[in-house]
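> sharing a sequence plus its predicted fold:
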Amino acid sequence: MRMVIQRVLSCALKADGVPVDSMGQGLLVLVGIQPGDEEEAVMRYMLDKLVHLRIFEDENGKMNLSVEDLGLDLFLVSNFTLYGDCRHGRRPSYSSGASPEEARTIYDAFVSYMKANTKVPVHTGVFQAYMDIETRLDGPVTLLLDSQKDF
(Lines give C-alpha, C1' and ligand atoms only; values in the text may rest on other atoms or scores of the structure.)
Protein backbone atom coordinates (compact mmCIF):
# COMPACT_ATOMS: atom_id res chain seq x y z
CA MET A 1 0.00 0.00 0.00
CA ARG A 2 1.29 3.41 -0.88
CA MET A 3 0.05 6.78 0.39
CA VAL A 4 0.51 10.46 -0.22
CA ILE A 5 -0.40 12.25 3.01
CA GLN A 6 -1.22 15.95 3.00
CA ARG A 7 -1.92 18.04 6.06
CA VAL A 8 -4.99 20.15 5.24
CA LEU A 9 -7.02 22.93 6.80
CA SER A 10 -10.07 21.68 4.89
CA CYS A 11 -11.02 19.26 2.15
CA ALA A 12 -14.15 18.75 0.03
CA LEU A 13 -14.75 16.05 -2.57
CA LYS A 14 -17.14 15.74 -5.49
CA ALA A 15 -17.53 12.53 -7.49
CA ASP A 16 -18.77 12.91 -11.05
CA GLY A 17 -19.76 16.50 -10.16
CA VAL A 18 -21.85 15.54 -7.11
CA PRO A 19 -20.73 16.65 -3.61
CA VAL A 20 -19.82 13.57 -1.55
CA ASP A 21 -18.14 14.64 1.68
CA SER A 22 -16.03 17.32 3.32
CA MET A 23 -14.02 17.86 6.45
CA GLY A 24 -12.09 20.51 8.32
CA GLN A 25 -8.51 20.20 9.53
CA GLY A 26 -6.83 16.81 9.25
CA LEU A 27 -5.10 14.63 6.68
CA LEU A 28 -6.00 14.02 3.06
CA VAL A 29 -4.64 10.58 2.21
CA LEU A 30 -4.35 9.34 -1.38
CA VAL A 31 -4.22 5.52 -1.24
CA GLY A 32 -2.68 3.22 -3.85
CA ILE A 33 -3.31 -0.52 -3.59
CA GLN A 34 -1.05 -3.40 -4.59
CA PRO A 35 -1.76 -7.15 -4.54
CA GLY A 36 -1.09 -8.48 -1.03
CA ASP A 37 -2.24 -5.31 0.74
CA GLU A 38 -5.18 -7.20 2.25
CA GLU A 39 -2.86 -8.68 4.88
CA GLU A 40 -3.68 -7.48 8.38
CA ALA A 41 -0.02 -6.64 9.03
CA VAL A 42 -0.10 -4.14 6.13
CA MET A 43 -3.35 -2.55 7.32
CA ARG A 44 -2.16 -2.38 10.92
CA TYR A 45 1.14 -0.74 9.91
CA MET A 46 -0.55 1.86 7.71
CA LEU A 47 -3.26 2.63 10.29
CA ASP A 48 -0.67 3.04 13.04
CA LYS A 49 1.43 5.39 10.93
CA LEU A 50 -1.53 7.50 9.81
CA VAL A 51 -3.11 8.11 13.19
CA HIS A 52 0.18 8.59 15.07
CA LEU A 53 2.30 10.65 12.63
CA ARG A 54 3.39 13.67 14.66
CA ILE A 55 3.02 16.33 11.98
CA PHE A 56 0.88 18.96 13.71
CA GLU A 57 2.39 21.73 15.81
CA ASP A 58 2.24 21.76 19.59
CA GLU A 59 2.14 24.92 21.72
CA ASN A 60 5.86 25.46 21.02
CA GLY A 61 5.51 25.28 17.25
CA LYS A 62 7.14 21.83 16.99
CA MET A 63 5.55 19.03 15.00
CA ASN A 64 4.75 16.80 17.97
CA LEU A 65 1.03 16.07 17.63
CA SER A 66 -0.97 13.58 15.58
CA VAL A 67 -4.52 13.52 14.21
CA GLU A 68 -5.38 11.21 17.10
CA ASP A 69 -3.91 13.64 19.67
CA LEU A 70 -5.92 16.53 18.24
CA GLY A 71 -9.13 14.67 17.39
CA LEU A 72 -8.83 15.55 13.69
CA ASP A 73 -10.15 13.69 10.64
CA LEU A 74 -8.72 11.51 7.86
CA PHE A 75 -9.97 11.64 4.28
CA LEU A 76 -9.02 8.43 2.39
CA VAL A 77 -9.17 8.61 -1.40
CA SER A 78 -8.27 5.68 -3.65
CA ASN A 79 -5.67 6.58 -6.28
CA PHE A 80 -4.31 3.86 -8.60
CA THR A 81 -1.79 6.27 -10.15
CA LEU A 82 0.39 6.03 -7.03
CA TYR A 83 1.75 2.81 -8.55
CA GLY A 84 2.50 4.46 -11.88
CA ASP A 85 6.03 3.61 -13.04
CA CYS A 86 7.48 6.47 -15.11
CA ARG A 87 11.00 5.09 -15.52
CA HIS A 88 10.56 3.89 -19.10
CA GLY A 89 9.00 5.73 -22.01
CA ARG A 90 6.44 8.49 -21.65
CA ARG A 91 3.36 6.56 -20.63
CA PRO A 92 3.37 5.32 -17.02
CA SER A 93 2.90 1.61 -16.45
CA TYR A 94 0.45 0.61 -13.73
CA SER A 95 1.24 -3.11 -13.80
CA SER A 96 2.42 -3.29 -10.17
CA GLY A 97 -0.90 -1.98 -8.82
CA ALA A 98 -3.85 -4.22 -8.04
CA SER A 99 -6.58 -4.77 -10.63
CA PRO A 100 -9.64 -2.54 -10.12
CA GLU A 101 -11.66 -5.44 -8.68
CA GLU A 102 -8.94 -6.50 -6.25
CA ALA A 103 -8.12 -2.90 -5.32
CA ARG A 104 -11.77 -2.14 -4.52
CA THR A 105 -11.99 -5.15 -2.20
CA ILE A 106 -8.75 -4.23 -0.42
CA TYR A 107 -9.58 -0.50 -0.23
CA ASP A 108 -13.02 -1.25 1.25
CA ALA A 109 -11.42 -3.67 3.74
CA PHE A 110 -8.85 -1.02 4.73
CA VAL A 111 -11.55 1.62 5.27
CA SER A 112 -13.51 -0.85 7.42
CA TYR A 113 -10.34 -1.75 9.31
CA MET A 114 -9.64 1.95 9.97
CA LYS A 115 -13.16 2.62 11.21
CA ALA A 116 -13.11 -0.44 13.48
CA ASN A 117 -9.67 0.18 14.97
CA THR A 118 -9.41 3.90 15.57
CA LYS A 119 -11.56 6.67 16.98
CA VAL A 120 -10.28 9.07 14.30
CA PRO A 121 -13.17 10.02 11.97
CA VAL A 122 -12.63 8.54 8.49
CA HIS A 123 -14.08 10.10 5.32
CA THR A 124 -13.84 8.45 1.90
CA GLY A 125 -14.03 9.23 -1.76
CA VAL A 126 -15.86 7.11 -4.35
CA PHE A 127 -13.85 4.22 -5.72
CA GLN A 128 -13.12 4.43 -9.46
CA ALA A 129 -15.09 7.66 -9.91
CA TYR A 130 -13.77 10.88 -11.39
CA MET A 131 -13.17 12.97 -8.28
CA ASP A 132 -12.73 16.71 -7.90
CA ILE A 133 -10.93 17.38 -4.61
CA GLU A 134 -10.74 20.90 -3.24
CA THR A 135 -8.14 21.30 -0.50
CA ARG A 136 -6.58 24.03 1.58
CA LEU A 137 -3.11 22.72 2.33
CA ASP A 138 -1.70 23.38 5.77
CA GLY A 139 2.00 24.24 5.66
CA PRO A 140 2.17 22.64 3.14
CA VAL A 141 3.17 19.37 4.76
CA THR A 142 3.19 16.38 2.37
CA LEU A 143 4.62 12.95 3.15
CA LEU A 144 4.99 9.63 1.35
CA LEU A 145 4.27 6.33 3.08
CA ASP A 146 4.83 2.85 1.67
CA SER A 147 3.95 -0.42 3.40
CA GLN A 148 7.01 -2.07 1.83
CA LYS A 149 9.11 0.76 3.30
CA ASP A 150 10.56 1.62 -0.12
CA PHE A 151 10.68 5.25 1.03
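Happy to help now that I have it.

> can you list the buried residues in the helix or strand that contains residue 137?
If you go by DSSP states H and E, residue 137 is part of strand 131-146. By neighbour count on 16 or more other Cβ atoms under 10 Å, the buried set for strand 131-146 is 131, 133, 135, 138, 141, 145. In this view, the C-beta of every residue, glycine as well, is placed from N, C-alpha and C.

> just flag the most distant two among those.
Farthest pair in these (Cβ to Cβ) is 131 and 141. Separation: 21.7 Å.

> which stretches of the chain form strands?
2-15, 18-23, 26-32, 56-57, 63-65, 73-78, 122-124, 131-146 (DSSP state E).

> helices and strands around the second one, which ones?
Helices and strands in packing contact with strand 18-23 are listed as strand 2-15, strand 73-78, strand 122-124; criterion 3 or more Cβ pairs under 8 Å, 6 or more residues apart in numbering; DSSP states H and E.

> repeat that with 10 Å
Here strand 18-23 touches strand 2-15, strand 73-78, strand 122-124, strand 131-146, going by 3 or more Cβ pairs under 10 Å, 6 or more residues apart in numbering; DSSP states H and E.

> so which of those gets nearest residue 37?
Proximity to residue 37 (Cβ to Cβ) singles out strand 2-15 among the helices and strands packed on strand 18-23, at 9.1 Å.

> ok, and for that closest one, which residues are buried?
Counting neighbours by 16+ other Cβ under 10 Å, one finds that the buried residues in strand 2-15 are 2-8, 10-15.

> turn the strands of the chain into a markdown table, including mean pLDDT and distance to residue 107.
Converted to a markdown table, the strands of the chain look like this (pLDDT from 0 to 100; distance: least, Cβ to Cβ, whole Å):
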| stretch | mean pLDDT | distance to residue 107 |
| --- | --- | --- |
| strand 2-15 | 98 | 12 |
| strand 18-23 | 98 | 15 |
| strand 26-32 | 98 | 6 |
| strand 56-57 | 98 | 26 |
| strand 63-65 | 98 | 28 |
| strand 73-78 | 98 | 5 |
| strand 122-124 | 98 | 9 |
| strand 131-146 | 97 | 13 |
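
> looking at these, which is closest to residue 114?
Closest to residue 114 of the strands of the chain, according to Cβ to Cβ: strand 122-124, at 4.9 Å.
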